[in-house]
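**Student:** What would the 3D arrangement of this be:
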Amino acid sequence: MGMPLPRLTPEALRGAVLEMCDEASQMLRLTRDAFLQPSAAALEQVTALGRDLHLREKRLTDHVAMQIREYPWSLGVAEHLAFLPAALERIGDSVEALARCVQSGHRDGIPFSERAIGDVMALFNRAIDLVDGVASVIRDGGQAGLSRIRHEGEQFQAFSDAVAHNHQERLLRGVCVAHGSSLFLAMVDYFREIERYTRRMSTDVEKALATS
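**Tutor:** Presented below is the predicted three-dimensional model:
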């Protein structure tokens, strides 16, 4: 019979979620840097961080589920944070998919125009800001931070839609290479997934703040 798990405090749960946020942010930064400058080492590190994120999610989710079953109110309002590890795992999946796109682009010598590079870099930076923004609200609290995340999320959606639309128009005009275009649009979709899960996280954080 295994040893019982130690009681998880609200502070410990918050700290564990913040560590996962930090890993997701690191993955985005490493993938962004490898997009600009090919780096097998950076992409390997993204894969390793992704594996760790999966392990953290499973352990933390199982730990919280067991504790809530035995001690229903032991986490208080922080119980709303229990849904965040799954969203962070999904963000990690999307970043790993971006990393595979970056790896394929460099391996196959797929050229991106200056405009496409600028769009992808802007999406990377916006995604990093969203993940870091959620972490900041978890750490410090405050409705103002949540309002900013929602506003930036709406801007992210509008920007990614415009980027995809403009790219498809250039493809129809024959300005873009078909193979490169499919890779670019796939990356835009993975960025959209990241925004979607940060939005879901901000909703759970708002519940925790509203009942605190």
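**Student:** Please report how far Val17 lies from Ala24.
**Tutor:** Counting by CB to CB, to the nearest Å, the gap from Val17 to Ala24 is 11 Å. To be clear about C-beta, it is placed using only N, CA and C from the backbone, and glycine gets the same treatment.
**Student:** which one of those two has more residues nearby?
**Tutor:** The neighbour count for Val17 versus Ala24, taken as other CB atoms under 10 Å, is higher for Ala24 (30 against 27).
**Student:** Might one say that that one is in contact with Ser94?
**Tutor:** No. Taking CB atoms under 8 Å as the contact criterion, Ala24 and Ser94 are not neighbours in contact, 9.4 Å apart.
**Student:** Next, count neighbours for the closest residue to Leu75 other than its chain neighbours.
**Tutor:** What sits nearest to Leu75 in space, not counting adjacent residues and going by CB to CB, 6 or more residues apart in numbering, is Pro10, at 5.5 Å. Other residues within reach of Pro10, judged by other CB under 10 Å, total 16.
**Student:** hey, where'd the helices end up in the chain?
**Tutor:** Under the criterion DSSP state H, the chain carries helices at the ranges 10-36, 40-70, 84-107, 114-140, 143-172, 178-210.
**Student:** what's the closest of the ones you listed to Ala78?
**Tutor:** Closest approach to Ala78 among the helices of the chain (CB to CB): helix 10-36, 3.5 Å.
**Student:** Show me which positions of that closest one end up buried.
**Tutor:** 10, 13-14, 16-21, 23-32, 34-35 (16 or more other CB atoms under 10 Å).
**Student:** what mean pLDDT does that helix have?
**Tutor:** Rounded to a whole number, the mean pLDDT of helix 10-36 is 96.
**Student:** quick check: angle from it to helix 40-70?
**Tutor:** 160 degrees (axes from the mean of the first three to the mean of the last three CA atoms, to 10 degrees).
**Student:** re the thing from before, out of the helices of the chain, which one sits most buried?
**Tutor:** Greatest average neighbour count among the helices of the chain goes to helix 84-107 (a mean of 21), per mean count of other CB atoms under 10 Å.
**Student:** follow-up on the earlier one: give the residues shared as contacts by Val17 and Ala24.
**Tutor:** Common neighbours of Val17 and Ala24, counting by CB atoms under 8 Å, 6 or more residues apart in numbering, are Leu88.
**Student:** Could you list which residues are in contact with the spatially most central residue of the chain?
**Tutor:** The chain has Ile91 as the residue nearest its centroid, 3.4 Å off, counting by CA atoms, centre = their mean. By CB under 8 Å, 6+ apart, the residues touching Ile91 are Ala24, Val131, Glu193, Ile194, Tyr197, Thr198.
**Student:** can you tell me which residues contact the fifth one?
**Tutor:** Listed by CB under 8 Å, 6+ apart, the contact partners of Tyr197 are Ala87, Leu88, Arg90, Ile91, Ser94.
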